[in-house]
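Asks: pasting the structure only:
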């Protein structure tokens, strides 16, 4: 089996076309170099060099072909060595990031990615839109490495989460909705409205928001339309199917025929969290989580 040392020895001779100069370049004895080249030729069962005491060393046809492949192989080996060393320091590898829609519209995702790219340009990032319950499953199963999620009271065993963003809520509705003419709304103004909200088969999530809103306004909020994400909710709201209680950052998502209004008497901040595995083996993933949390803490009030 040919090894990288033999390739280095051969390329030195092929480039110098002189055993003594190649030996000096490699800092080895000329006899040792000659022995290594002879062993290489025996292993390949082909002559690579023309040797004649009265004439310069030249490459055979096979030697010229082998030299091109040897140079390419050494470059690949060098690259593999660099990647391995970078990966060990978290400077190379792959990080798969899941995110809820408002993780993108709020700028949390892009801000994290921008900061990480500056310090880890060789790490490849894969992003996957995914609702919070699915992200928890995907983290636990190893499908993703990091998740930007809506916080949960409980996470699967082995998953930990840190708050990275906080924002207020707004009411989204069609521009011809009776409430759209008001600059601000009160919780009681939303009595008898049809609500649109992302909600899954769980008690957590925006079901809690609607329950708190109803308590503040003195009514029971009824969820007419259950959607997968806020973008879907805004589309239904703009079309007049009801109103949606959404994070204020959804104002960054332009939708024709839509109006967003603040609530003056309902202070219910909602959060995004960065979820990851407690015992993460990948240095690149650990680096991403560490930098994202440090960056978020500088921005949180």
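Replies: Done, it's in. Everything quoted here is computed from the prediction, not taken from an experiment. Numbers count the residues shown, from 1 in each chain.
Asks: Tell me where the chain has helices.
Replies: Counting by DSSP state H, one finds helices in the chain at the ranges 4-16, 19-26, 30-44, 61-88, 101-105, 108-119, 132-141, 206-217, 230-238, 283-299.
Asks: Quick check: which of those helices is nearest to residue 169?
Replies: The minimum distance between residue 169 and these falls on helix 206-217, with 6.9 Å, by CB to CB. Glycine gets a C-beta too; all of them are placed from N, C-alpha and C.
Asks: before we move on, the earlier item: so which of the helices of the chain is the most surrounded?
Replies: Among the helices of the chain, helix 101-105 has the highest mean neighbour count (mean count of other CB atoms under 10 Å), at a mean of 24.
Asks: what about stretch 243-256, how long is it end to end?
Replies: 15 Å (CA to CA, to the nearest Å).
Asks: Show me which positions of it end up buried.
Replies: 243-250, 253, 255 (16 or more other CB atoms under 10 Å).
Asks: can you check stretch 268-280 too?
Replies: 270, 272-277, 280.
Asks: quick one: low-confidence parts of the stretch 151-300 of the chain?
Replies: 199-205 (pLDDT under 70).
Asks: Repeat the analysis, applying 50 as the threshold.
Replies: Residues of the stretch 151-300 of the chain meeting the criterion pLDDT under 50: none.
Asks: quick revisit: Serialize the buried residues of stretch 243-256 to JSON lines and add fields for distance to residue 75.
Replies: Converted to JSON lines, those look like this (distance: CB to CB, whole Å):
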{"residue": "243", "distance to residue 75": "61"}
{"residue": "244", "distance to residue 75": "55"}
{"residue": "245", "distance to residue 75": "57"}
{"residue": "246", "distance to residue 75": "52"}
{"residue": "247", "distance to residue 75": "49"}
{"residue": "248", "distance to residue 75": "52"}
{"residue": "249", "distance to residue 75": "46"}
{"residue": "250", "distance to residue 75": "49"}
{"residue": "253", "distance to residue 75": "46"}
{"residue": "255", "distance to residue 75": "51"}
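Asks: Just those: which are in strands?
Replies: Under the assignment DSSP state E, the buried residues of stretch 243-256 contribute 243-247 to strands.
Asks: so the closest residue to residue 242 other than its chain neighbours bridges to which residues?
Replies: Nearest non-adjacent residue to residue 242, counting by CB to CB, 6 or more residues apart in numbering: residue 194, 3.4 Å away. Counting by DSSP bridges, residue 194 is bridged to residue 222.
Asks: ok, now which ones touch residue 194?
Replies: Taking CB atoms under 8 Å, 6 or more residues apart in numbering, we find residue 194 in contact with 222, 224-225, 241-243.
Asks: Would you mind checking these for buried ones?
Replies: Among the contacts of residue 194, those buried by neighbour count (16+ other CB under 10 Å) are 225, 242-243.
Asks: Same list (those residues) but as CSV, adding distance to residue 3.
Replies: What follows is the buried ones among the contacts of residue 194, written out as CSV (distance: CB to CB, whole Å):
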residue, distance to residue 3
225, 66
242, 70
243, 70
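Asks: ok, of those, which one's closest to residue 168?
Replies: Of all the buried ones among the contacts of residue 194, residue 243 has the smallest distance to residue 168: 16.1 Å, by CB to CB.
Asks: which residues sit in contact with the closest one?
Replies: 171-173, 177, 179, 190, 193-196, 237.
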